[in-house]
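# Just to be clear, the model below is a prediction. Sequence and coordinates:
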Amino acid sequence: MLINLTIIVTFLVYLNLLLAILGLGLYAKLRPTQKSYKYLFAYIFYSIISDLIFSKLSIKYLESEIYSFRLYTIVEYTLLTLAIKEHIKSQMILKFIYTFSFLFYCLAFFDSILGKISQFDSLPAGFESILLLVYSLFFIYEKVINNTLNFNGFTWVVIGLIIAFSGTFFLFILTQKNFENQVFIITYGYIVAIFNIIKFTFLSIGIYTENKKMISINHNSLIKI
């Protein structure tokens, strides 16, 4: 049973990588102009490099993947927060993001200094999930109150982030105390891979539909002219 689950996890990880590469391909082909998509491109690219290179280097030279995981948490938070922030208009919400971003970086720093850096960063990873989930809900909230919510472009990205981080929050909290448990780690890999597949699928949909939206806007502008 454990061997079968390991095979499934491996398959899901490769599928996750393929979807991430698809997102990069769509970005390279469609070239969405909004700055937020540049941050998404950097995030997807870093995710691929982290899985294929940084995690392997972390194991080879530091004897654990944990170090690459800790770095990934910080880079992921930074790039996704910058992407979401590009779409936030409210100054109050922006101040909230700046304040809690400072708290997140402080937590990540002190967790690595005061705790064991060789342990999974459950607190920073859990806090990151909560914050990105809240920021995504802020995005939806602004769209709703301004009556501009539509299912294209960055809205699909945000939906993917909401699903992914709401699905992995409790898992990250539990991981630090269970990282030595082989059964738990395989289950962890299984769940994270599934939600990463969902996340990168929605990111790719967001990149694709943003391009379709821009084509529609340009077409309407030409008709008016």
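Good, I have the coordinates. Residues are numbered from 1 along each chain as shown.
# Report the backbone C-alpha coordinates of the helix or strand in which residue 128 is found in PDB.
Assigned by DSSP states H and E, residue 128 belongs to helix 122-145. This file holds the C-alpha atoms of helix 122-145, laid out as PDB (Å, rounded to 0.1, in the frame of the first residue of the first chain):
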ATOM      1  CA  SER A 122       5.300  25.000  10.300                       C
ATOM      2  CA  LEU A 123       4.700  28.400  11.800                       C
ATOM      3  CA  PRO A 124       5.900  30.500   8.900                       C
ATOM      4  CA  ALA A 125       4.300  28.200   6.400                       C
ATOM      5  CA  GLY A 126       1.000  28.200   8.300                       C
ATOM      6  CA  PHE A 127       1.100  31.900   8.700                       C
ATOM      7  CA  GLU A 128       1.900  32.400   5.000                       C
ATOM      8  CA  SER A 129      -1.100  30.200   4.100                       C
ATOM      9  CA  ILE A 130      -3.400  32.300   6.300                       C
ATOM     10  CA  LEU A 131      -2.100  35.600   4.900                       C
ATOM     11  CA  LEU A 132      -2.300  34.700   1.300                       C
ATOM     12  CA  LEU A 133      -5.800  33.300   1.800                       C
ATOM     13  CA  VAL A 134      -6.800  36.600   3.500                       C
ATOM     14  CA  TYR A 135      -5.200  38.700   0.700                       C
ATOM     15  CA  SER A 136      -7.000  36.600  -1.900                       C
ATOM     16  CA  LEU A 137     -10.300  37.200  -0.100                       C
ATOM     17  CA  PHE A 138      -9.600  40.900   0.000                       C
ATOM     18  CA  PHE A 139      -9.200  40.800  -3.800                       C
ATOM     19  CA  ILE A 140     -12.600  39.100  -4.100                       C
ATOM     20  CA  TYR A 141     -14.100  41.600  -1.600                       C
ATOM     21  CA  GLU A 142     -12.900  44.600  -3.600                       C
ATOM     22  CA  LYS A 143     -14.200  43.200  -6.800                       C
ATOM     23  CA  VAL A 144     -17.600  42.400  -5.300                       C
ATOM     24  CA  ILE A 145     -18.200  45.900  -3.700                       C
END
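# same question for the helix or strand that it is followed by, mean pLDDT?
Moving toward the C-terminus from helix 122-145, the next helix or strand (DSSP H and E) is helix 154-178. Here helix 154-178 scores 86 as its mean pLDDT.
# Over to stretch 119-136?
The average pLDDT within stretch 119-136 is 90.
# Touching it from outside, list them.
66, 69-70, 73-74, 76-77, 80-81, 84-85, 88, 97, 100-101, 103-104, 107-108, 111-112, 158, 161-162, 165-166, 168-169, 172-177, 179 (C-beta atoms under 8 Å, 6 or more residues apart in numbering). Quick note: C-beta positions are derived from backbone N, CA and C, even for glycine.
# cool, and stretch 190-208?
5, 8-9, 12-13, 15-16, 19-20, 22-23, 26-27, 30, 32, 37, 40, 44, 47, 153-157, 159-161, 163-164, 167-168, 171.
# Any idea how many residues pack against residue 102?
Residues lying near residue 102 (other C-beta atoms under 10 Å) number 10.
# where along the chain do the strands fall?
All residues of the chain lie outside strands when identified by DSSP state E.
# Could you list the low-confidence segments of it?
Along the chain, segments meeting pLDDT under 70 span 1-5, 117-118, 176, 179, 212-225.
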